[in-house]
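[1] Here's a sequence, model it:
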Amino acid sequence: PQIVKHSEVQRFYEDEVIFITGATGFLGKVLVEKLLRSCPGIERIYLLIRPKRDLSPRRRFELFLRSACFQRLRQECPSSLNKLVVVDGDIREEKLGLKSGDYERLASDVSMVFHSAATVRFNEPLRNAVKINMEGTKNVLDLCHHIKKMKVSGV
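    Below is the predicted model of the structure:
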C-alpha cells in the first residue's frame, strides 16, 4: 500500500535527525524500518551500537541491515538505508562511551531521541539490569540535556 503523501506524521519527521539506542534489538529494528519506510523526509538516523561478542559495531550494523525486517526497504527503496549512521558507544558508559566528537555532533545535530536499549532477560543479575536499564537511561537523558534543538512529543 502506498503511503499518503505529507501526512501529519510525515510532516512531523520532515528534515529531522534522530538518535536511536537499542536499534539492533527487535523493537529497534521495527522502529528503524517503520521510520525509514513511512517518513522519507527524515534527514538522518544515528544508531548507537556497542561491540558484542567479538563483533564490532560496524559488523553488527552489517548484520542488522541483512535482517528480514529490512527486506522491503532493500527492494523498494534501498537508498533510504544510506540515512543510517553508526555511532560506536554503549549506554552503560558515561557520555554513552562516545568519542567527544561524536557526542558533540549528536548534541548539535539531533532533534529526536528514541531510547529502546534495555535488558529484557528475566534472569539478568540485578547489578547488570540496573546498569543497563537505569544508568543507561540516565546516560541517554544526560545527552538529551545537551541537545540544542530537541523536539518533544507526548504519546
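
[2] quick one: average pLDDT of the longest helix seen in the chain?
    Among the segments of the chain that qualify as a helix by DSSP state H, the longest is helix 26-38. Rounded to a whole number, the mean pLDDT of helix 26-38 is 96.

[3] and that helix, how far from the chain's centre?
    Between the centre of helix 26-38 and the centre of its chain there are 9 Å (Cα atoms, centre = their mean, to the nearest Å).

[4] Quick one: the helices in the chain, in order.
    Listed from the start of the chain, the chain has helices (DSSP H) covering 8-13, 26-38, 57-65, 71-76, 100-109, 126-129, 136-146.

[5] So, low pLDDT: which residues of this structure?
    Low-confidence regions of the chain, defined by pLDDT under 70, span residues 1-5, 153-155.

[6] Count the residues that sit near Thr21.
    Each residue near Thr21 was counted by other Cβ atoms under 10 Å, and the total is 28. Where C-beta positions appear, they are placed from N, C-alpha and C, glycine not excepted.

[7] now do the one 5 residues further on
    With neighbours defined by other Cβ under 10 Å, the count for Phe26 comes to 12.

[8] how close does the closest residue in space to Leu65 that isn't next to it in sequence sit to Glu8?
    If you skip the residues right next to it in sequence, Leu65 has Leu81 as its closest partner in space, 6.3 Å away by Cβ to Cβ, 6 or more residues apart in numbering. When Cβ to Cβ, to the nearest Å is the yardstick, Leu81 and Glu8 sit 25 Å from each other.

[9] All set now, cheers.
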